[in-house]
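J.: I would like the atomic coordinates for the input below:
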Amino acid sequence: MESRLLDILVCPLCKGRLESLRADDELVCHADRLAFPVRDGIPVMLESEARSLDPAADA
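T.: Okay, here's the model as predicted:
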């Protein structure tokens with residue numbers, strides 16, 4: 001993903017910065033502990049599509 005695009009994208013929940021995890025094709029919001037998928041180079045910024053980074057939420 002272009003770094004220019006990453007500079008303007010924010011978390012849809014808290015409006016915080018996102019970190020790109022290129023290996024996983026995800027954009028991570030550390031404040032909300034969510035990982036948003038990037039599919040075919042397009043970020044999917046929907047809470048319903050995000051993966052929780054909280055291990056307790058997976059159980």
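J.: show me what contacts the closest residue to L9 other than its chain neighbours?
T.: Spatial nearest neighbour of L9, chain neighbours left out: L18 (5.7 Å); criterion: CB to CB, 6 or more residues apart in numbering. Backbone N, C-alpha and C define where each C-beta goes, glycine included. Applying CB atoms under 8 Å, 6 or more residues apart in numbering, we find L18 in contact with 6, 9-11, 27-29, 36.
J.: How much space separates the closest residue to H30 other than its chain neighbours from L9?
T.: Nearest residue to H30 in three dimensions, chain neighbours excluded: E19, at 6.8 Å (CB to CB, 6+ apart). The gap separating E19 from L9 is 11 Å, by CB to CB, to the nearest Å.
J.: returning to what we had before: residue contacts, the residue nearest to H30?
T.: 27-28, 30.
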